[in-house]
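Undergrad: when you get a sec, could you give me coordinates for this:
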Amino acid sequence: MEAMMEDLGVIVENERDRRTLRWLIDTVGRDAIREAIQRIPGNRRPYVSNVAKVLGVTPPKSLEIADRETALRHIDAIRRQLANKSVF
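TA: Numbers count the residues shown, from 1 in each chain. Here you go, the predicted structure:
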């Protein structure tokens, strides 16, 4: 699925964007996403949120919440960063 998402030209910055783009693909389809990118007004870039706005859809709130595995990976990464900080 990741390789299939890359060819759309949508900017995906984090896991939430990835979940939202998957939802957009399932909801409106790849062709609609490509067409929406062409209709983004002004100098705006094709971020997931801009594509959703052009399509006139609002992703469900449930996409904001990471699954347990993803959340635990983030917590572990934060702990590692904090452990590497030197104390004055």
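Undergrad: residue contacts, residue 23?
TA: If you count contacts by Cβ atoms under 8 Å, 6 or more residues apart in numbering, residue 23 has them with 59-60, 63. (C-beta placed from N, C-alpha, C; glycine too.)
Undergrad: mind listing what's buried in the host helix or strand of residue 26?
TA: If you go by DSSP states H and E, residue 26 is part of helix 15-28. By neighbour count, and taking 16 or more other Cβ atoms under 10 Å as the criterion, the buried residues in helix 15-28 are 16-25, 28.
Undergrad: swap in stretch 31-50?
TA: For stretch 31-50, burial by neighbour count (16+ other Cβ under 10 Å) applies to 32-33, 36-37, 46, 48, 50.
Undergrad: repeat for stretch 58-73
TA: Neighbour-count burial for stretch 58-73 [16+ other Cβ under 10 Å]: 59, 63.
Undergrad: I'd like the contacts of residue 23 as JSON lines, with pLDDT and secondary structure appended.
TA: Listed next are those as JSON lines, based on pLDDT from 0 to 100; DSSP: H, G, I helix; E, B strand; the rest coil:
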{"residue": "59", "pLDDT": "94", "secondary structure": "coil"}
{"residue": "60", "pLDDT": "92", "secondary structure": "coil"}
{"residue": "63", "pLDDT": "85", "secondary structure": "helix"}
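Undergrad: what segments of the chain are helices?
TA: The residue ranges that make up the helices of the chain, judged by DSSP state H, are 2-6, 15-28, 30-38, 48-55, 68-84.
Undergrad: and those as a markdown table, adding mean pLDDT?
TA: As requested, the helices of the chain are arranged in a markdown table below (pLDDT from 0 to 100):
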| stretch | mean pLDDT |
| --- | --- |
| helix 2-6 | 56 |
| helix 15-28 | 94 |
| helix 30-38 | 96 |
| helix 48-55 | 97 |
| helix 68-84 | 88 |
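Undergrad: so what's the most centrally placed residue in the chain up against?
TA: Among the residues of the chain, the one closest to the centroid is residue 17, at 0.8 Å (Cα atoms, centre = their mean). Under the criterion of Cβ under 8 Å, 6+ apart, the contact list for residue 17 reads 11, 47-48.
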